[in-house]
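Undergrad: the following block contains a protein sequence and its predicted model.
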Amino acid sequence: MRVDRGLNFLRILLLASLVAPSIASAQTYPTRQDPRSNLKPGRHDAGTAFLGMRLVSNTHKPPELDSTRGLTFANSDIAFGTHYAYQGNFAGFTIWDITDPAKPVVASVVKCTTSQGDPSIVGNLLFISAEGAGNRNDCGSQGVQDPKDHMAGVRIFDVSNAKAPKLVKNVQTCKGSHTHTVVPSKKDPNIIYIYVSGQSNARPETELAGCKNGTDPDDPTNSLYMLDIIKVELDHPERAVVIPGARIFSGLDVDATCKQFCAPTDPRRPAGRGGRRVPGDTAAEPLHTGPRNCHDVTAYPALNLLAAACSTHSILVDISNPEKPFRIDALTDENNYQGRHTAAFSNDGTKMMQTDEWGGGTGPMCQESSMIELGGNTVITLDAKKKQTQRAYFKLPSAQSAEENCVAHNGGIIPVPGRDLYVQAWYQGGINVMDFTDPDKAIEIAYFDRGSIDPPALVDVPSAAAEAALAASGGRSRNTIGGSWGAYYWNGMVYSSEIDRGLDIVELTPTAQLSANEIAAAKLVVLTDYNPQSQPQITWPPAFVVVRSYYDQLVRGKGLAADRLSAIATALDAAEMKSGAARASALNALARQVDGDVKGATDSARVRTMASEIRRLATASK
């Protein structure tokens with residue numbers, strides 16, 4: 001289907017540039033002038049702001065999981081398989097039938113206390129992370145009185161019947177599972193590995209044999225300082241077993257004194273535990289100042305790489321043998337990062353990005369006065385030897401209110417050819433899209449946000465308007481934890497797991513920073529399943545919208561002379577009108593012309609890639 005002819009896009013972009021806001025080369029502190037900064041509060045009737053996105057549907061939580069009692073019923077992460085979305089919750093999970101994104105339908109709701117309940121799906125098996133003291137083997141919500149009833153690790157459900165999931169096994173681990181990542185076997189398609197992340201202490205050995213706390217990263221009997229691994233036979237999940245883990249944390253001690261961009265001292269947290277010391281803090285150093293585990297790890301199986309977000313460090317791991325992963329490189333940042341949280345790769349594997357969950361996700365860290373150097377993303381490049389170099393920082397460029405918990409959280413890559421785009425959740429900061437194609441200049445190109453769930457705090461003498469706002473919210477307590485936990489692009493839509501409001505489904509729309517061709521090219525990528533912490537390698541079929549995506553990028557970036565761009569657009573349009581051998585011949589002739597444009601282009605690499613895509617399309621046209 002024809003999406004957007006080249007000459008039309010050139011005209012649209014020139015017009016849009018007259019009215020589109022300019023994007024600064026370096027971020028500055030946000031102001032209240034951003035459309036997201038003054039939205040009406042409300043749970044299901046909050047004001048909204050959009051750029052380059054439209055809300056397709058918002059579906060409220062099912063009644064079984066609809067409560068705001070702390071985090072007890074908070075929605076967590078999300079995974080995708082066939083026409084289902086598997087949405088985790090601290091009290092269970094929901095399976096949504098998303099055949100029609102405009103009208104998601106609940107296939108089933110499973111009540112099973114499993115904080116925090118992050119899911120992954122492989123075939124008919126659903127894996128759910130369990131961490132904390134209140135999880136029971138029987139999924140009950142009455143708490144744990146007898147240690148033998150305690151479940152901390154990964155639950156495995158059979159979801160072959162999406163309307164009636166069955167618990168297959170509770171795989172117990174020493175530290176439980178805050179999050180987890182699927183890594184497939186290189187040799188046996190029936191085997192997968194679950195890499196288990198989390199920074200809790202080990203359980204007592206009286207509760208689970210072999211568990212031991214300690215301070216020595218090199219002690220092989222120490223349950224800390226180790227990435228736990230579960231081996232699963234897909235045809236016999238009941239045989240899932242914990243195997244020796246990966247000791248990737250040795251020798252990573254750091255100076256725990258923050259030197260610049262330091263967060264204020266938190267009196268609730270002992271110095272040196274869970275964050276860096278600030279200048280003047282004279283508390284004793286802990287015995288070990290490096291990471292003892294990771295919050296999240298993201299696998300890129302096609303490249304045999306694992307990006308680990310581990311508190312003070314970004315760790316790059318070789319997973320060519322999933323049973324024996326080893327550290328390639330480690331990078332630390334003594335300034336901006338208070339707690340590395342999530343990681344992702346560019347599709348070509350030359351870049352990574354990591355998020356910083358400053359404040360743990362429950363604080364309002366995106367206010368006008370909040371430190372812009374904390375609570376955002378960092379872009380990292382990888383050289384030929386996989387050594388990491390830290391590059392740009394990026395933080396949500398809107399001023400959120402004091403009622404909105406907000407900080408960088410989970411997201412994933414949008415498959416636009418020629419660009420590195422990351423869609424991401426910011427809790428009550430909403431969702432946005434960061435372009436990190438230029439590792440030294442990450443920019444925002446799209447967003448969707450709502451006003452705060454709770455109204456502003458009442459003043460000493462309550463006004464009628466403030467009282468009415470609180471009454472309209474159902475009398476809910478202030479500082480409700482909500483917003484987007486994770487936002488992911490999957491098969492043409494962005495799916496956002498809203499902690500309090502349910503499930504959002506959003507579609508990208510064309511702007512000066514993202515063309516209709518680029519959006520259409522992304523929609524050519526169709527996956528059977530998708531676990532965001534196990535990143536797939538993206539390939540695009542030969543198509544005119546793929547060629548035109550590179551063309552649009554050259555127009556936007558002025559990477560080739562305007563007269564040549566105009567000629568290429570005309571030739572593409574003419575070739576598309578042909579078919580078979582005639583189309584192939586016209587495209588091959590155009591590819592040769594574009595080859596000649598490489599030398600004089602200011603973006604020669606993109607021109608060269610466009611020529612290659614034209615040839616690939618010619619081959620497919622024969």
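TA: Right, received. Where do you want to start?

Undergrad: switch to C-alpha atoms for all contacts and neighbour counts from now on
TA: Fine.

Undergrad: give me the distance between the closest residue to residue 250 other than its chain neighbours and residue 309.
TA: For residue 250, ignoring the flanking residues on the chain, the nearest one in space by CA to CA, 6 or more residues apart in numbering is residue 217 at 5.4 Å. Applying CA to CA, to the nearest Å, the value for residue 217 to residue 309 is 17 Å.

Undergrad: could you do residue 484 as well?
TA: 20 Å.

Undergrad: so those two - more neighbours on which side?
TA: residue 484 (31 against 28; other CA atoms under 10 Å).

Undergrad: in the sheet, who's paired with that one?
TA: Counting by DSSP bridges, residue 484 is bridged to residue 427, residue 498.

Undergrad: so it touches residue 430, yeah?
TA: Yes. Contact criterion CA atoms under 8 Å: residue 484 and residue 430 qualify, at 6.0 Å.

Undergrad: low pLDDT regions in this protein?
TA: 1-27, 68-71, 254-289, 334-338, 458-478 (pLDDT under 70).

Undergrad: name the residues of the longest strand seen in it that are buried.
TA: The residue-count maximum for a strand in the chain (DSSP state E) belongs to strand 236-246. For strand 236-246, burial by neighbour count (16 or more other CA atoms under 10 Å) applies to 237, 240, 241, 242, 245, 246.

Undergrad: the last one: what's it in contact with?
TA: Residue 246 makes contact with 226, 227, 228, 229, 324, 325, 326 under the criterion CA atoms under 8 Å, 6 or more residues apart in numbering.

Undergrad: how far away is residue 400 from residue 360?
TA: Taken as CA to CA, the span from residue 400 to residue 360 is 17 Å.

Undergrad: show me which of those two is the more surrounded one.
TA: residue 400 (30 against 17).

Undergrad: residues contacting the more buried one?
TA: Residue 400 neighbours (CA under 8 Å, 6+ apart): 36, 37, 364, 366, 367, 368, 406, 429.

Undergrad: mind listing the strands for the stretch 151-300 of the chain?
TA: 153-158, 166-172, 179-184, 191-197, 227-233, 236-246, 296-300 (DSSP state E, counting those that start in this stretch).

Undergrad: if we only consider the buried residues of strand 236-246, which is nearest to residue 381?
TA: Distance to residue 381 across these (CA to CA) is lowest for residue 246, with 24.3 Å.

Undergrad: can you measure across stretch 550-567, start residue to end residue?
TA: 15 Å.

Undergrad: also stretch 408-427?
TA: Note: stretch 408-427 ends 8 Å apart using CA to CA.

Undergrad: centre of the chain to it, how far?
TA: In terms of CA atoms, centre = their mean, to the nearest Å, the centre of stretch 408-427 is set 6 Å apart from its chain centre.

Undergrad: cool, stretch 583-595 as well?
TA: That offset, for stretch 583-595, works out to 39 Å (CA atoms, centre = their mean).

Undergrad: CA atoms of it as CSV?
TA: Presented in CSV, the C-alpha positions along stretch 583-595 are these (Å, rounded to 0.1, in the frame of the first residue of the first chain):
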residue,chain,number,x,y,z
ARG,A,583,10.4,-2.7,-12.0
ALA,A,584,13.6,-4.6,-11.2
SER,A,585,15.4,-2.9,-14.2
ALA,A,586,14.3,0.6,-13.1
LEU,A,587,15.3,0.0,-9.5
ASN,A,588,18.7,-1.4,-10.5
ALA,A,589,19.3,1.7,-12.7
LEU,A,590,18.3,3.9,-9.7
ALA,A,591,20.7,2.0,-7.4
ARG,A,592,23.6,2.7,-9.7
GLN,A,593,22.7,6.4,-9.7
VAL,A,594,22.5,6.5,-5.9
ASP,A,595,25.9,4.8,-5.8
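
Undergrad: quick one: buried residues of it?
TA: 583, 584, 585, 586, 587, 588, 589, 590, 591, 594, 595.

Undergrad: ok, and what's touching it?
TA: 568, 571-572, 575-577, 607-608, 610-612, 614-615, 617-622.

Undergrad: what about 6 Å?
TA: Residues outside stretch 583-595 that contact it (CA atoms under 6 Å, 6 or more residues apart in numbering) are 575, 611, 614, 615, 618, 621, 622.

Undergrad: in PyMOL, how would I select the buried members of the residues you listed?
TA: Buried residues among the contacts of stretch 583-595 (16+ other CA under 10 Å), as a PyMOL selection:
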select buried, resi 575+611+614+615+618+621
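
Undergrad: mind listing the strands for the stretch 451-600 of the chain?
TA: Going by DSSP E, counting those that start in this stretch, the stretch 451-600 of the chain shows strands at 484-490, 493-498, 502-508, 529-530.

Undergrad: JSON lines for those, including distance to residue 92?
TA: Below are those laid out as JSON lines (distance: least, CA to CA, whole Å):
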{"stretch": "strand 484-490", "distance to residue 92": "16"}
{"stretch": "strand 493-498", "distance to residue 92": "14"}
{"stretch": "strand 502-508", "distance to residue 92": "14"}
{"stretch": "strand 529-530", "distance to residue 92": "20"}
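
Undergrad: please consider this matter closed, and thank you.
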